[in-house]
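Asker: need the 3D shape of this:
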Amino acid sequence: MSIFDYPKNPHMREHGPRGYRDYRNYKPWLRDEFSFRCVYCLCRERWYPNGQDGFSVDHFLPKTKFPQLECDYENLLYACVKCNTLKTDCELDCDPCRESFSIHLEVKGDGRVHGRTSTGGKLIDVLILDRPKLRRLRNMLMTVLPVLERSKRPEDIAMLRFWLGFPTDLPDLRRKRPPGGNSKPSGVKTCYFCQQASGLLPEFY
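Answerer: Next up, the predicted model:
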């Protein structure tokens, strides 16, 4: 599976924190929820010099139009600042927690993004998912990573770990106390921090 393959199924939420009055307090939960990558372009925190600071909380239904959903966890997604800025107040036709993006989007071998449907075309247009810098990054990674995966050299394995490893600052969700409780407490036990603590965290993903 390519790192730029969109999930085959809708995302099933693992967490259910409630009650924060500032939606930004949900960010640690969303980082873990969406595996530290942008739901739209699939770029990862590890690829940004400033890590998680290059990512933000996105409102699927914009808070300017749906203020009642501003702090509703079910309406929140994890997105890079670039995609979130481009989306602004636009209402997209596809929520990745209800419908798989793979129905609408496909990344080609040369890094281009193809819209399989009109919904996919809108996603590409609104978020500029085929912007040149992003296309070049995808093309480079899809070319280089298979070579690194076949290599036995320690320096290549270290490079592979950089591109495909988890962030070093995994959020410890066990310490979080959402004011309104957590409707899915079992998700905390399997968060990436807990997987790391128990020695079950994969080296690459």
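Asker: pull the residues that contact the helix ranked longest in the chain.
Answerer: The helix spanning the most residues in the chain, taking DSSP state H as the definition, is helix 132-150. Contact with helix 132-150 is made by 2-4, 41, 43, 47, 107, 109-113, 156-157, 159-160, 163-164, as judged by C-beta atoms under 8 Å, 6 or more residues apart in numbering. Bear in mind the C-beta positions are built from the backbone N, C-alpha and C, glycine included.
Asker: my read: residue 42 touches residue 6, true?
Answerer: Yes - using C-beta atoms under 8 Å, residue 42 is in contact with residue 6, at 7.1 Å.
Asker: between the two, which is the more surrounded one?
Answerer: Neighbour count, other C-beta atoms under 10 Å: between residue 42 and residue 6, residue 42 has more, with 22 against 19.
Asker: so the more buried one, which of the three states?
Answerer: coil (DSSP: H, G, I helix; E, B strand; the rest coil).
Asker: need the contact list for it.
Answerer: Per C-beta under 8 Å, 6+ apart, neighbours of residue 42: 3-4, 6.
Asker: again, 10 Å this time
Answerer: 2-7, 35, 80, 83, 101, 105, 107, 129, 134, 138 (C-beta atoms under 10 Å, 6 or more residues apart in numbering).
Asker: buried among those? Make that a ChimeraX selection.
Answerer: This is the ChimeraX syntax for the buried subset of those, where burial follows 16 or more other C-beta atoms under 10 Å:
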select :3,4,6,80,83,101,105,107,129,134,138
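Asker: wait, which of the contacts of residue 42 is closest to residue 117?
Answerer: For the contacts of residue 42, the minimum distance to residue 117 (C-beta to C-beta) is 8.7 Å, reached by residue 105.
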